[in-house]
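Here you go, sequence then predicted model.
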Amino acid sequence: MEKQKHLLLIDGMALLFRSFFATAISGQFMVNSKGLPTNGVQGFMKHLLMAVEHVKPTHVLVCWDMGSETFRNEMYDGYKANRDAPPIELIPQFDLAKEVAQGFNLINVGIKGYEADDCIGTLAKRHHKEKKVSILSGDQDLLQLLDNNIEVILLKKGFGNYDTFTKERFSEEKGITPRQFIDVKALMGDTSDGYPGVKGIGEKTAIKLIQEHETIDGILLNIEQLTPAQQKKIQSDLDMLHLSRKLAEIYCEVPITVNLEDALWNAISEQAITLMDDLELRSLRRHIVSSNLIAENA
């Protein structure tokens, strides 16, 4: 019997940032002889390879942001405006991470004007009816994509530690559906993404309101049932609530043209070993040897 196809979607930005800051805090930038910092790239690939070992996918794609400006900035100029510019040691690693992924025969996906999350959402919803889909990230926003045959694997501290969510687990623990999570985010806002939602409404109240009224539209239709304080907060922030709803939702119709058969996962190639040696990715090479992913004398 043919093995079920299993697509692993990697949030490249999340893995790279996490890896960079984990070592940057102690100044371990792992600069090679060409003067290039490689700490983020090596951690990114280590996370990726450990996830491949854990998930055992048949296909792998890596998704990236392509610049800081997306269609959400056109909707709201405060979107992610509160974020600092990336550290100077991280900047050259954006391209380097894609180059190394390519050297491992991985397909990089990124479309200008969209976020990595949108690419992940598009690919997950496009393929989950005929394949199992696993999403690897550290970003809880992706939990809204949970569906039949779609799981989200959140990275925990360290390497190889995961918190895996299915649609059923999410609904059981949160008391809402993954789709309703978008409305909860719209009500409570997201400080890291820079949109406020409704001032004075936090996560607990947002979840309670959505549990009772199912959607933002349901809340607005029954607004007289809310406390006077809640009514006042929502009515005075109505435009921002509707805008926050649009900003919170992952867009799943990105025009991605990728042939999934090009994304077949294969063993680590000679080309990848040569690239690691050329870039002096010693930490990554040690991990691969110790994990028996390649022979020690390769």
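Nice, I can see it.

Let me see the ranges of the helices in the stretch 151-298 of the chain.
Taking DSSP state H, counting those that start in this stretch, the helices of the stretch 151-298 of the chain run over residues 167-174, 178-188, 203-213, 216-221, 228-236, 238-248, 270-279, 282-290.

Quick check: which ranges of this structure have low pLDDT?
By pLDDT under 70, the low-scoring segments of the chain are 1-2, 295-298.

Residue ranges of each domain in it, please.
If you go by automatic domain parsing, the domain ranges for the chain are 6-172+251-290, 176-248.

Turn these into TSV, columns for mean neighbour count.
C-betas here are computed from N, CA, C, even on glycine. Output for those, formatted as TSV (neighbours: other CB atoms under 10 Å):
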stretch	mean neighbour count
domain 6-172+251-290	18
domain 176-248	17
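
From His59, how far out is Leu260?
Counting by CB to CB, to the nearest Å, the separation of Leu260 from His59 is 6 Å.

okay, and the common contacts of these two?
With contacts defined as CB atoms under 8 Å, 6 or more residues apart in numbering, the residues shared by Leu260 and His59 are Leu7.

before we move on, what SS does Asn108 have?
Under the three-state scheme (DSSP: H, G, I helix; E, B strand; the rest coil), Asn108 adopts strand.

dump the residue contacts of it.
Counting by CB under 8 Å, 6+ apart, Asn108 makes contact with Gly12, Val62, Cys63, Trp64, Lys98, Ala101, Gln102.

what would those residues look like in TSV with distance to Lys80 and secondary structure?
Shown next, in TSV, are the contacts of Asn108 (distance: CB to CB, whole Å; DSSP: H, G, I helix; E, B strand; the rest coil):
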residue	distance to Lys80	secondary structure
Gly12	17	helix
Val62	21	strand
Cys63	17	strand
Trp64	16	coil
Lys98	21	helix
Ala101	24	helix
Gln102	27	helix
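
Dump those to TSV, plus distance to Asn161.
Shown next, in TSV, are these (distance: CB to CB, whole Å):
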residue	distance to Asn161
Gly12	19
Val62	20
Cys63	22
Trp64	24
Lys98	26
Ala101	22
Gln102	27
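
Farthest pair within those residues?
Farthest-apart pair in those is Cys63 and Gln102; separation 13.9 Å (CB to CB).

who's in contact with the spatially closest residue to Lys167 that is not a sequence neighbour?
Spatial nearest neighbour of Lys167, chain neighbours left out: Leu146 (4.3 Å); criterion: CB to CB, 6 or more residues apart in numbering. Taking CB under 8 Å, 6+ apart, we find Leu146 in contact with Val152, Phe165, Thr166, Lys167, Phe170, Pro178.

Same check on Val198?
Leu187, Met188, Gly189, Lys233, Ile234, Asp237, Met240, Leu241, Ser244.

Pretty sure the first one sits against Ile216.
Pointing back at Leu187 there. Yes: using CB atoms under 8 Å, Leu187 is in contact with Ile216, at 7.2 Å.

Tell me who's in contact with Ile111.
Counting by CB under 8 Å, 6+ apart, Ile111 makes contact with Met66, Asp118, Cys119, Val254, Pro255, Ile256.

any idea how far the fifth one is from Ser192?
Looking back up the chat, that one is Pro255. Per CB to CB, Pro255 is found 27 Å from Ser192.

what bridges to the residue nearest to Ala124 when sequence neighbours are not counted?
Among residues not flanking Ala124 along the chain, Val133 sits closest, at 4.8 Å (CB to CB, 6+ apart). Beta-bridge pairing of Val133 under DSSP bridges involves Leu7, Ile150.

can you tell me which residues contact Gly175?
Ile207, Gln211.

how much space between it and Leu154?
Counting by CB to CB - Gly175 and Leu154 are separated by 19 Å.

Which elements pack onto the longest helix seen in the chain?
When the chain is parsed with DSSP state H, its longest helix is helix 39-55. Secondary-structure packing of helix 39-55 (3 or more CB pairs under 8 Å, 6 or more residues apart in numbering; DSSP states H and E): strand 6-11, helix 12-24, strand 59-63, helix 91-103, strand 132-137, strand 150-155, helix 282-290.

So what's the gap between it and the chain middle?
Remark: helix 39-55 is offset 14 Å from the chain centroid, using CA atoms, centre = their mean, to the nearest Å.

Please apply the same query to stretch 229-242.
Offset of stretch 229-242 from its chain centre (CA atoms, centre = their mean): 30 Å.

measure it end to end?
Stretch 229-242 has its terminal residues 19 Å apart, counting by CA to CA, to the nearest Å.
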